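> here is my input; please provide its structure:
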Amino acid sequence: MKPNIFDYATSELSQDAFLCWLLKWAEEGARSHDPQLHTIANVFVKEVFDLHNCQLNESIQSVCIKRQFNSLDILAIINEKYAIMIEDKVFTSHHSNQLNRYLRMVENHSKTKHLKPLPIYYKIVEQGDYSDVTGAGYQIFTRTKMIEVLSGLDDSTTNDILNDYLKYLKQIDTSIESYKLLPITEWNSFSWQGFYRDLQKELKNGKWGRVENARGGFWAFWWKGDDSQPHYWQLEESMLKAKVEAADSQNKREYRDQCMQALLEYSQKNELNLSRPKSVRSGKTMTIAQRPDYIQVFDDQKINFEQTVLELKRYAYFSQAPLV
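A predicted model of the protein is given here:
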């Protein structure tokens, strides 16, 4: 198998370097060196402009690249008129109001305030919630869109760097989709991301992400069923749990036990297959019921996604009457 540098250069800094390199190929002066790569780079820039409903009605004469410009991952100044801002995330996500800070910085900095900002949030793995990203004025450039850009020409470029990066993205894509093809026992972190991504389309108010703890953490998906219910639901990979959050003024143990008894009685009457947690604790957030076999499978132990969704919707939309 041909070695791929991106199997080893997996950090955000390595990806920053690739994006800077690709953007520089959009300059008109680069056309003669590799016309196909120049075209692909221009398609990338056009996609960025399109995401912002902005037109670039001129050839790209200059691309000035600034890395880590006041902590912003990439600033690419196009024709001294436009500022493509890229915050690049691989396995992490945004934090500490950084997206708003970067945009305000570019809008107000003496060297960039005359430019039209085009902020981009570049993400090559899945993320459960982009509302803060779009709320900050950023457009999302996904792995899927980049694969489309890099695969767009009928005659592929022979450039090894670009082809290696495209192969790397496709490998991630295959891993994300693996939940459809692998038995449940063989799922990895990418499999859970793909499952939760598609489940989110069915359970509209659901969110998901990584939960870290002393045991190493897990991928979780959580959603609220009926507003009348005191609990919410959380998938901790192969385990379904019902959880409640107690107010500071409440007797936590009493509230937990009351909610638990009501939900387990309801489960028994309605065949929800919930059981008492093996470990019962008191705290701000408490588990009051669980089920280890919510994922519906075919005979080969691969997920039956449609039936799994139907099973989970039984928990999302049962009785409107309050349990407590």
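
> low pLDDT regions in this protein?
Applying pLDDT under 70 to the chain flags residues 91-96, 154-156, 317-324.

> how close does the residue nearest in space to the middle of the chain sit to residue 200?
What sits nearest the mean C-alpha location of the chain, by C-alpha atoms, centre = their mean, is residue 127, with 1.1 Å. From residue 127 across to residue 200, the span is 11 Å (C-beta to C-beta, to the nearest Å). Every residue, glycine included, has its C-beta placed from N, CA and C.

> and residue 101, by the same measure?
According to C-beta to C-beta, residue 101 and residue 200 sit 28 Å apart.

> between the two, which is the more surrounded one?
residue 200 (18 against 14; other C-beta atoms under 10 Å).

> now that one, nearest residue through space, not along the chain?
Leaving aside its sequence neighbours, residue 200 sits nearest to residue 206 (C-beta to C-beta, 6 or more residues apart in numbering; 5.0 Å).

> and residue 191, by the same measure?
Nearest residue to residue 191, sequence neighbours excluded (C-beta to C-beta, 6+ apart): residue 179, at 4.0 Å.

> what about that neighbour, how many neighbours?
By other C-beta under 10 Å, 25 other residues sit near residue 179.

> now residue 54
By other C-beta under 10 Å, neighbour count at residue 54 equals 11.

> wouldn't it be in contact with residue 117 here?
No: with contact defined as C-beta atoms under 8 Å, residue 54 does not reach residue 117; the gap is 10.3 Å.

> still on that earlier bit, and the gap between the residue nearest to the centre of the chain and residue 89?
As judged by C-beta to C-beta, residue 127 and residue 89 stand 8 Å apart.

> is the closest residue to residue 294 other than its chain neighbours bridged to anything, and to what?
In space, and not counting its chain neighbours, residue 294 is closest to residue 240: 4.2 Å by C-beta to C-beta, 6+ apart. Counting by DSSP bridges, residue 240 is bridged to residue 235, residue 291.

> start the count at 10, not 1, going forward
Happy to do that; since the first residue is 10 now, the last one works out to residue 249.

> got the contact list for residue 249?
242, 243, 299, 300, 301, 303, 321, 324 (C-beta atoms under 8 Å, 6 or more residues apart in numbering).

> ditto for residue 296
Residue 296 makes contact with 250, 251, 252, 286, 289, 290 under the criterion C-beta under 8 Å, 6+ apart.

> which of these tops the neighbour count?
Neighbour-wise, those (other C-beta under 10 Å) top out at residue 251, 26 neighbours.

> helix, strand or coil for that one?
At residue 251 the chain is in strand, as set by DSSP: H, G, I helix; E, B strand; the rest coil.

> hang on, it packs against residue 271?
No: contact criterion C-beta under 8 Å: residue 251 and residue 271 do not qualify, at 10.7 Å.

> for residue 126, give the beta-bridge partners.
residue 92.

> wait, it touches residue 87, no?
No: at 11.3 Å, residue 126 and residue 87 do not qualify as touching, with contact defined as C-beta under 8 Å.

> out of those two, which sits in the busier spot?
Applying other C-beta under 10 Å to residue 126 and residue 87 shows that residue 87 carries more neighbours, namely 24 against 20.

> how close does the more buried one get to residue 154?
Distance from residue 87 to residue 154, counting by C-beta to C-beta: 19 Å.

> got the phi and psi for the nearest residue to residue 212 once chain neighbours are set aside?
Of all residues not flanking residue 212 in the chain, residue 232 sits nearest, at 5.0 Å (C-beta to C-beta, 6+ apart). Reported as degrees, to the nearest 10, the phi and psi values for residue 232 are phi -160, psi 160.

> got it, and residue 229?
phi -130, psi 150.

> count the residues that sit near it.
Neighbour count for residue 229, taken as other C-beta under 10 Å: 19.

> against residue 246, how distant is it?
In terms of C-beta to C-beta, residue 229 sits 8 Å off from residue 246.

> which residues make contact with the helix or strand that residue 31 is a member of from outside it?
Element membership for residue 31 (DSSP states H and E) is helix 21-33. Helix 21-33 has contacts (C-beta under 8 Å, 6+ apart) with 15, 18, 39, 49-50, 53-54, 72, 74, 76, 82-83, 85, 93, 95, 97-99, 101, 131, 133, 170-171, 174.
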